[in-house]
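*Asks:* No letters, just coordinates:
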DNA sequence: TGTACACGTGAACGATGTTCACGTCGATGC
DNA sequence: GCATCGACGTGAACATCGTTCACGTGTACA
């Protein structure tokens, strides 16, 4: 069951990398599959449903590399922030794609909860922990969205330069969090 | 000259608040002005040009309340961040609207430069100052984008509650910056 | 008087997401 | 063997979108 459905999803992600989210058209995707656009609606009730499925698929941890729950809170935040950014940068218009989606699955909610837990364990109040995690996530989203928006422009910074800029900003926030600890 | 042009702009902003950015259609805007869609192209070469003009108009400081250049760096950052957020929240889909635009005018660039200058005057290196300002701006964009996206949802937090969440995250970053000072 | 100019019309074009009635074809149950 | 069912796809259409273009107004100014 749902075998073709998966193929459609795969083709959609492939096409996303080639033409970007604005060029990602039901007709183009269909032709890529040797099919008419109307056939796609057998598998996804709407284009938005397809986009949602893409986000879910891309966000689902691909294999290993879970962040160890016993790592210090700042290391956990660093890893989560870094892999979230990498997730967005891994595909063309990835950040914009993610931002169209808005019902974070249980996976994301669990990750959020873990981070808050790590901070509370380190001595913050629950409220402060939520604020801290929210702040980091807002930073990651804002930074990466802008980073990817400028990507094709003239400002073609080398990759490690951009990584550094991201890390520096993140460390700034982590330092701020650290200052609220006992 | 350009009198009608201004009226079109005004009507577009008015319509934005009523129907949101997705409902903002050239035809609808035209009918609101008692005119056909094609007439709009006498004043703006494209819809994107209209959107750009809206961003510029909304971003242009309306009257007074310039941030005093002799204020401490953290106060300057607080004010800039706060008014940037207010700018976005002032109109429906304001944050999304702003994010479609991407050639920051001399106004924004000057503001950016002022903030960096204030930080350098406080003792940071120029690089660190740029990082700090970038981080704050990324946070404001990320936070406000998400805040406004959830706005019409069930999660209808009261306004001051949302202001507090924003301020707390901002203070976290400011604390982080402060820690890098002599 | 005539000639620019600002402004608007009406019809069309191509593209988009989506719907719907209709086909095809292989597996499954009798 | 035959019928039925389900998964899959077709083809034509619909409404809507941004945009273009040839063509009309009326007003102000030389």
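*Replies:* It's in. If you're wondering where the values come from, they're calculated on a predicted model, not measured in any experiment. Residues are numbered from 1 along each chain as shown, chains lettered A, B, ... in the order given.

*Asks:* Identify the residues contacting the helix or strand bottoming out on mean pLDDT in chain A?
*Replies:* Least confident element among the helices and strands of chain A, by mean pLDDT, DSSP states H and E: helix A:106-122 (a mean of 91). Helix A:106-122 has contacts (CB atoms under 8 Å, 6 or more residues apart in numbering or on different chains) with A:59-61, A:67, A:69, A:71-73, A:76-77, A:80, A:104, A:126, A:128-130, A:132-133, A:137, A:177, A:181. Bear in mind the C-beta positions are built from the backbone N, C-alpha and C, glycine included.

*Asks:* Report the secondary structure state of residue A:45.
*Replies:* Applying DSSP: H, G, I helix; E, B strand; the rest coil to residue A:45 yields a three-state assignment of coil.

*Asks:* Could you report the distance from it to residue B:93?
*Replies:* 25 Å (CB to CB, to the nearest Å).

*Asks:* More neighbours: these two, which one.
*Replies:* Shown here are residue A:45 and residue B:93; by other CB atoms under 10 Å in any protein chain shown, residue B:93 has more neighbours (21 against 10).

*Asks:* tally of neighbours for the residue of chain A found nearest DNA strand D?
*Replies:* At 3.0 Å from DNA strand D, residue A:38 is the closest residue in chain A, using CB to the nearest atom of the strand. Neighbour count for residue A:38, taken as other CB under 10 Å: 10.

*Asks:* and it, helix, strand or coil?
*Replies:* Residue A:38 ends up helix, using three-state DSSP.

*Asks:* ok, for it, nearest residue in space, not its chain neighbours?
*Replies:* residue A:30 (8.0 Å; CB to CB, 6 or more residues apart in numbering or on different chains).

*Asks:* who's in contact with the one you found?
*Replies:* Counting by CB under 8 Å, 6+ apart, residue A:30 touches A:36, A:37, A:38, A:39, A:40.

*Asks:* helix or strand right after the top helix by length along chain A?
*Replies:* Using DSSP state H, we find that the single longest helix of chain A is helix A:126-149. As assigned by DSSP states H and E, the chain's next helix or strand after helix A:126-149 is helix A:159-178.

*Asks:* That next one versus helix A:106-122: what angle between them?
*Replies:* Angle of helix A:159-178 versus helix A:106-122, following axes from the mean of the first three to the mean of the last three CA atoms, to 10 degrees, is 50 degrees.

*Asks:* Report all helices and strands that helix A:159-178 contacts.
*Replies:* With contacts defined as 3 or more CB pairs under 8 Å, 6 or more residues apart in numbering or on different chains; DSSP states H and E, helix A:159-178 has these neighbours: helix A:73-89, helix A:126-149, helix B:126-149, helix B:159-178.

*Asks:* residues from chain A in reach of chain B?
*Replies:* Proximity of chain A to chain B (CB under 8 Å from any CB of the partner chain) is limited to residues A:99, A:102, A:128, A:131-132, A:134-135, A:137-143, A:145-146, A:149-150, A:165, A:168-169, A:171-177, A:179-180.

*Asks:* Measure how the least confident helix or strand of chain A sits relative to helix A:73-89, angle-wise.
*Replies:* Going by the same axes, to 10 degrees, helix A:106-122 makes 160 degrees with helix A:73-89.

*Asks:* So for helix A:106-122, what gets flagged as buried?
*Replies:* By neighbour count on 16 or more other CB atoms under 10 Å in any protein chain shown, the buried set for helix A:106-122 is A:111, A:112, A:114, A:115, A:116, A:118, A:119, A:120, A:122.

*Asks:* As CSV, the helices and strands packed on helix A:159-178 with mean neighbour count, mean pLDDT and distance to residue B:9 would be great.
*Replies:* Shown next, in CSV, are the helices and strands packed on helix A:159-178 (neighbours: other CB atoms under 10 Å in any protein chain shown; pLDDT from 0 to 100; distance: least, CB to CB, whole Å):
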stretch, mean neighbour count, mean pLDDT, distance to residue B:9
helix A:73-89, 19, 96, 34
helix A:126-149, 22, 97, 24
helix B:126-149, 22, 97, 22
helix B:159-178, 18, 96, 28
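
*Asks:* nearest to DNA strand C, of these?
*Replies:* Nearest to DNA strand C, of the helices and strands packed on helix A:159-178 and by CB to the nearest atom of the strand, is helix B:126-149 at 19.2 Å.

*Asks:* will you turn the helices and strands packed on helix A:159-178 into a markdown table that also has distance to DNA strand C?
*Replies:* Converted to a markdown table, the helices and strands packed on helix A:159-178 look like this (distance: least, CB to the nearest atom of the strand, whole Å):
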| stretch | distance to DNA strand C |
| --- | --- |
| helix A:73-89 | 21 |
| helix A:126-149 | 21 |
| helix B:126-149 | 19 |
| helix B:159-178 | 31 |
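
*Asks:* So which bits of the helix or strand in which residue A:31 is found are buried?
*Replies:* Assigned by DSSP H and E, residue A:31 falls within helix A:26-32. For helix A:26-32, burial by neighbour count (16+ other CB under 10 Å) applies to A:26, A:29, A:30.

*Asks:* from the residues you listed, which is closest to residue A:15?
*Replies:* Distance to residue A:15 across those (CB to CB) is lowest for residue A:29, with 5.6 Å.

*Asks:* Pull the contacting residues for the closest one.
*Replies:* Applying CB under 8 Å, 6+ apart, the residues contacting residue A:29 are A:8, A:11, A:12, A:15, A:37, A:40.

*Asks:* Nice, that's everything, thank you.
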